[in-house]
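Q: Everything below, folded, please.
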Amino acid sequence: MQTHQAKRVAIIIEQVMQSRLTDAMTDAGVTGWTVLPVLGGSGQSGAWSREGQISRGTGMVQVVCVIRPERLDELLEAAFAVVERHIGIVSVSDCEVLRAERF
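A: So this is what the prediction gives:
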């Protein structure tokens, strides 16, 4: 079966920023994403959990999308504009998809 090159972008951000991020992604031409709850983790500020150790109280989410490689730069610029001044991690990895026309 033939596969096609794509990019998987995962963005961890405060839940209160989710709609701002997904709006920016839409403006950048991203047509689909998945939002997952983040239960906890550890970073520069130390360990935290969803059970209330985040000062804003709503927790974190991970927004994941798969896009064509040529759309990556525009997405990263849009995402960085949102996470630049907030808690957030943006990661990019190579992946392969079966139905390239969906991305």
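
Q: tell me which strands and helices the top helix by length along the chain is in contact with?
A: Criterion DSSP state H: the longest helix present in the chain is helix 72-83. For helix 72-83, the packing partners by 3 or more Cβ pairs under 8 Å, 6 or more residues apart in numbering; DSSP states H and E come out as strand 4-14, helix 18-27, strand 88-97. From N, CA and C alone the C-beta is placed, and that goes for glycine too.

Q: Mind listing the strands the last one pairs with, and their directions?
A: Strand 88-97 has its sheet partners listed here by DSSP bridges as strand 4-14 (antiparallel).

Q: Helix 18-27 and the partner strand, what's the angle between them?
A: Taking axes from the mean of the first three to the mean of the last three Cα atoms, to 10 degrees, one finds strand 4-14 and helix 18-27 inclined to each other by 150 degrees.

Q: CA atoms only: put strand 4-14 into CSV for me.
A: Output for strand 4-14, consisting of C-alpha atoms alone and laid out as CSV, is shown next (Å, rounded to 0.1, in the frame of the first residue of the first chain):
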residue,chain,number,x,y,z
HIS,A,4,2.6,9.7,1.6
GLN,A,5,5.0,12.0,3.6
ALA,A,6,3.3,14.3,6.1
LYS,A,7,4.2,16.2,9.3
ARG,A,8,2.6,15.6,12.7
VAL,A,9,2.5,18.7,14.8
ALA,A,10,1.7,18.4,18.5
ILE,A,11,1.1,21.5,20.6
ILE,A,12,0.7,21.4,24.4
ILE,A,13,-1.0,24.5,25.7
GLU,A,14,-3.1,25.8,28.5
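
Q: Give the buried residues for that strand.
A: Under the neighbour-count criterion of 16 or more other Cβ atoms under 10 Å, strand 4-14 has 6-7, 9, 11-14 buried.

Q: sorry, back to before: just so I know, which of the helices and strands packed on helix 72-83 lies nearest L36?
A: Set against L36 and scored by Cβ to Cβ, the helices and strands packed on helix 72-83 come closest in strand 4-14, at 9.0 Å.

Q: Would you mind getting the angle between the closest one and helix 72-83?
A: 0 degrees.
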